[in-house]
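In: starting from these lines, generate the structure:
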Amino acid sequence: ADLRSPGGKVYRRAGRVDHLTRDMNVLEKLRLWTRQSDGSNPYVEAFWKWWPELSRNLTELRVTGGEPLLSPDFWKLVERFQTERPNVRLAVNSNLGVKTESIDRLAQAARELPTLEVYTSCEAFGAAAEYIRDGMDYRQWRDNVFKLHRAGVRKIHVMMTINALCLFSLTDLFDDILSWRHELDPEIGSFTLNILRFPAFQNVLVLPEETRRERARHLTAWLDRQKSEPYLYDMEIAEIRRLVEYLEKVPRAHDREPARRVLWDDFQSFYRQYDIRRGKSLADAIPALSSVR
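Out: Below is the predicted model of the structure:
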């Protein structure tokens, strides 16, 4: 769990999410690590002491987060790469939703760092993506992917966290990414499907069996239509098939999971509060869920 996730934001800004039976109340126990009172960070200081030795032996350095583009320490690292030119590939995770100045700064760095790779996150299309990832502007996210590609970032990966909400527009996102490959670059937007397990009420298995099977058929039909698609790759096909098998055969997200009825109650309770606290509407963002019971 992460206080930067949608559930974490609800907790951090408005306190405990009421009437949940499992999983999410672990947020009460989370604490974000903060800098020392004098502004120092012993982990960062230790990293820079290690850097001269590390940079001689490392193959790839990937900066995750939080959001690295908001950290002065990340930009210090970029400057070191620009001046020292270590024989190390640099990769960075970013939601690509930060201010234009930060995206432009990364684009400028990419022109000097030809091996830079970017990992970004999205698992739905349009309004559904914006609902799932609070604060996201889907069009801006896509435009920023294109901007970085034009600046020379050839490897831009899309990490998809598969959850109960994203299944209803997931293939629309696939279609969008395939259009990028035909228009821009056959390798842009390589994607992975990572199934969310916790909290269990956001896992895909919270959906009724008939809905899960319908979504599995939908994904299978989409794959069948792509048989002549040259820019859908074997790894991605395997990931989609794994999701189909999960929807069809896996009975529960984890061993300590309560009954689906309890999870569905938590699902409804959480998103009612999410809508109120964040000024959103699940019914508007993902209309197909309105008929799910």
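In: got the contact list for Ala127?
Out: Contacts for Ala127 (C-beta atoms under 8 Å, 6 or more residues apart in numbering) come out as Tyr138, Asp284, Ala285, Ile286. Quick note: C-beta positions are derived from backbone N, CA and C, even for glycine.
In: now do Phe267
Out: Ala164, Phe201, Gln202, Val206.
In: on that earlier part again, just the buried residues of the contacts of Ala127.
Out: With neighbours counted by 16 or more other C-beta atoms under 10 Å, the contacts of Ala127 contain buried members at Tyr138, Ala285, Ile286.
In: Ile132 is in contact with the first one, correct?
Out: No - contact criterion C-beta atoms under 8 Å: Tyr138 and Ile132 do not qualify, at 10.4 Å.
In: please convert the buried ones among the contacts of Ala127 to a markdown table, extending it with secondary structure.
Out: Shown next, in a markdown table, are the buried ones among the contacts of Ala127 (DSSP: H, G, I helix; E, B strand; the rest coil):
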| residue | secondary structure |
| --- | --- |
| Tyr138 | helix |
| Ala285 | helix |
| Ile286 | coil |
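In: keeping just the C-alphas, turn the longest helix anywhere in the chain into CSV.
Out: Counting residues, the longest helix found in the chain (DSSP state H) is helix 260-278. What follows is helix 260-278, C-alpha atoms only, in CSV (Å, rounded to 0.1, in the frame of the first residue of the first chain):
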residue,chain,number,x,y,z
ARG,A,260,-16.8,-11.8,-2.1
ARG,A,261,-20.0,-10.3,-0.6
VAL,A,262,-17.9,-8.6,2.1
LEU,A,263,-15.4,-7.4,-0.5
TRP,A,264,-18.2,-6.1,-2.7
ASP,A,265,-19.6,-4.1,0.2
ASP,A,266,-16.1,-2.7,0.8
PHE,A,267,-15.8,-1.9,-2.9
GLN,A,268,-19.1,0.1,-2.9
SER,A,269,-18.4,1.8,0.4
PHE,A,270,-14.9,2.9,-0.7
TYR,A,271,-15.9,4.3,-4.0
ARG,A,272,-19.0,6.1,-2.6
GLN,A,273,-16.6,7.9,-0.2
TYR,A,274,-14.0,8.4,-3.0
ASP,A,275,-16.6,10.1,-5.2
ILE,A,276,-17.7,12.4,-2.4
ARG,A,277,-14.2,13.3,-1.2
ARG,A,278,-12.7,13.8,-4.6
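In: many thanks, we can stop here.
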